[in-house]
Each structure stands twice: as C-alpha cells, then as structure tokens.
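In: Structure, please.
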Amino acid sequence: YDRRNPTGPLPTSLRPKLNEELKREGIDPRALDKVFYSFSGNQEELTSEQLENAFRGSDFLDYYSFIELIGKNEIVWPSY
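Out: Numbers count the residues shown, from 1 in each chain. Modelled structure (predicted):
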C-alpha cells in the first residue's frame, strides 16, 4: 500500500505488512500484537482508514505520539 498513491490497490488488512516490518527490527512478538491492536483500535483487521486515523493525517509518528497511541503504562523497557 502506497499512501502517496490513493488510486492504488487498498489491502483489506495491513497486518502481514506491519508484522514483516516490525520483525525486521527484531521486535518481540508480544510487542507486535500491542502495536497492531493500538493501530487497529483493538480490531482483528487493520485497514488503511484505521491507519490514517492512528497517524492523524501525518506521514509518521514521533516518539511522543507513538507513546500516546500505545499507552505509557503499556511500555516495558528491557532490563539488562
């Protein structure tokens, strides 16, 4: 899905693409679920409309917007 090309095909669910991108970063699968459900509004599917709503019309989320979306109490920092 290319947000810059609104005439292109729209997926019914962005979950596979989101998983692929986040796994590439080495993120824990539980975190993948948390991010997905935060973006999708706790739905099983993530549509382009839900993603647009999560990003509030922006092309990216900064750190603070991401924390607000996920919920600061949901963040667990690793202890080494």
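In: Going along the chain, name the strands of this protein.
Out: Listed from the start of the chain, the chain has no strands (DSSP state E) to report.
In: now this protein, which segments are flagged as low pLDDT?
Out: Judged by pLDDT under 70, the chain has its weakly predicted residues at 1-14.
In: repeat that with 80
Out: Along the chain, the model assigns pLDDT under 80 to residues 1-19, 22-23, 29, 32, 44-48, 76-78, 80.
In: now the helices for it?
Out: According to DSSP state H, the chain carries its helices in the segments 15-24, 29-40, 48-55, 63-70.
In: Out of the ones you listed, flag the one nearest P78.
Out: Closest approach to P78 among those is made by helix 29-40 (10.7 Å; C-beta to C-beta). Yep, even glycine has a C-beta here, placed from its N, CA and C like the rest.
In: Next, the buried residues of that closest one.
Out: Within helix 29-40, the residues that qualify as buried are 32, 34-36, 38-40, counting by 16 or more other C-beta atoms under 10 Å.
In: could you dump those to a markdown table with distance to P16?
Out: Output for the buried residues of helix 29-40, formatted as a markdown table (distance: C-beta to C-beta, whole Å):
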| residue | distance to P16 |
| --- | --- |
| L32 | 11 |
| K34 | 17 |
| V35 | 14 |
| F36 | 11 |
| S38 | 17 |
| F39 | 13 |
| S40 | 13 |
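In: Max pairwise distance over those residues: which two?
Out: Comparing every pair within these by C-beta to C-beta identifies L32 and S40 as the most remote, at 12.1 Å.
In: picking that back up, distance to V76 for the helices of the chain - can I get that in JSON lines?
Out: Converted to JSON lines, those look like this (distance: least, C-beta to C-beta, whole Å):
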{"stretch": "helix 15-24", "distance to V76": "16"}
{"stretch": "helix 29-40", "distance to V76": "9"}
{"stretch": "helix 48-55", "distance to V76": "21"}
{"stretch": "helix 63-70", "distance to V76": "11"}
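In: Thanks a lot, catch you later.
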